[in-house]
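Chemist: Predicted model and sequence below, questions to follow.
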Amino acid sequence: MAPVRFGLFLPQGWILDLVDIEDPIEQYETMSRVAQTAERLGFDSIWLFDHFHTYFKPVLETTFECWTSTAALARDTSRIRLGQMVTCNGYRNPALMAKMASTVDVLSHGRLDFGIGAGWYEHEYLAYGYDFPPTPGERLRMLGEALQVIRAMWTDPYASFEGNYYKVSGAINEPKGVQKPHPPIWIGGSGEKVTLKLAAQYGDATNFGGHVTDMSWYTHKLDVVRAHCEGFGRDPDALIRSTNVETTLLRAGDDAVALTERYRRGQSLEEYKTHAVVGGPQEVIDTYGRLIDAGMNYIVVSDVPGLATTDILEYLAAEVLPAFR
């Protein structure tokens with residue numbers, strides 16, 4: 001069995017993790033320093049959100065745009081893989097998105113993980129003037145067509161597709177990227193009838209999570225993925241099985257309530273701990289271990305208080321990651 005891999009969400013502003021830094025240049029340089037530190041410490045990948053406004057309510061604070069930041073980070077780093085968790089399909093035409101991703105794959109010398117999902121953050125759509133399809137079903141149908149457009153742009157000399165939502169007619173996309181047959185496609189979401197089916201049909205990785213106290217939730221979702229893969233004649237073990245884990249790693253003397261206040265979004269600490277791990281190194285190791293035992297093989301660490309200073313990242317790499325290496 002292959003060893004588990006680890007990714008890290010960078011401080012990007014979306015979850016108010018850059019508000020203690022005033023200068024936007026220093027905010028970006030902080031994000032870049034964390035990326036370079038993660039690379040040095042042996043993380044397998046770094047990840048960005050694809051959002052325009054802060055969460056869980058929009059305020060006048062920095063949120064760096066996902067794809068331009070990915071391109072910049074591709075040049076700021078040299079070995080670590082780069083991804084989006086996940087690109088919102090509704091924010092960019094899929095043919096253009098495929099072109100952008102191909103370019104980033106070249107800029108990074110073949111290190112792109114292409115994450116995509118159906119989209120959900122309604123107020124962002126409306127604020128930026130995008131139509132918001134009112135039902136998840138319609139957004140998922142759009143995602144299904146977009147995935148076909150993107151794969152055609154990455155593999156066909158002249159991409160053509162005509163659906164209900166998207167159309168391309170002999171589109172040329174050169175260069176197509178470095179990785180063959182194309183950059184890995186990570187599909188985010190846990191919907192059993194459509195999202196996980198799309199992951200089984202078109203994806204190289206699936207990403208879902210948020211229930212760290214209930215491992216049966218993960219095993220059930222993986223059973224669904226397995227059944228969909230078998231329906232398409234695919235080996236389910238060929239799919240990366242990833243989950244994001246909000247992680248507050250405590251050191252001696254840390255106040256868990258104070259550290260997590262910004263991330264709990266009005267929840268009590270106990271409520272927050274139903275979908276996040278808050279504790280010392282052994283508690284974090286145990287939680288990650290249970291996820292791995294449930295069948296997940298890629299942990300993406302997110303919502304880490306204090307990450308902008310990189311000290312906590314050094315502590316995580318020293319005290320937690322060696323248990324899985």
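Modeler: Everything's here; your move.

Chemist: Just give me the longest strand of this protein.
Modeler: The residue-count maximum for a strand in the chain (DSSP state E) belongs to strand 240-249.

Chemist: That one - which strands sit beside it in the sheet, and in what orientation?
Modeler: strand 205-207 (parallel), strand 276-279 (parallel), strand 298-302 (parallel) (DSSP bridges).

Chemist: which SS class is the residue located most distally from the centre of the chain?
Modeler: Using Cα atoms, centre = their mean, the residue of the chain lying farthest from its centre is G253. It sits 31.4 Å away. Recorded secondary structure, G253: coil (DSSP: H, G, I helix; E, B strand; the rest coil).

Chemist: And it, how far from Q282?
Modeler: Distance, G253 to Q282, using Cβ to Cβ, to the nearest Å: 17 Å. C-beta coordinates here come from the backbone N, C-alpha and C atoms, glycine included.

Chemist: cool, and Q36?
Modeler: Taking Cβ to Cβ, one finds Q36 at 28 Å from Q282.

Chemist: Let me see the contact set for the residue nearest the centre of the chain.
Modeler: Nearest to the geometric centre of the chain sits M85, at 2.0 Å (Cα atoms, centre = their mean). Under the criterion of Cβ atoms under 8 Å, 6 or more residues apart in numbering, the contact list for M85 reads F9, W47, L48, F49, G115, W186, G188, N207, N244, V300.

Chemist: Can you pull the phi/psi pair for G110?
Modeler: phi 90, psi 40 (degrees, to the nearest 10).

Chemist: If I look at it, what pLDDT would I see?
Modeler: With respect to pLDDT, G110 scores 98.

Chemist: One more: the one 3 residues further on?
Modeler: Note for D113: predicted pLDDT of 98.

Chemist: how about stretch 126-144: buried residues?
Modeler: Residues of stretch 126-144 classed as buried by neighbour count (16 or more other Cβ atoms under 10 Å): P133, R139, L140, R141, M142, L143, G144.

Chemist: For these, could you give me CSV that also reports pLDDT and secondary structure?
Modeler: Output for the buried residues of stretch 126-144, formatted as CSV (pLDDT from 0 to 100; DSSP: H, G, I helix; E, B strand; the rest coil):
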residue, pLDDT, secondary structure
P133, 95, coil
R139, 98, helix
L140, 98, helix
R141, 98, helix
M142, 98, helix
L143, 98, helix
G144, 98, helix
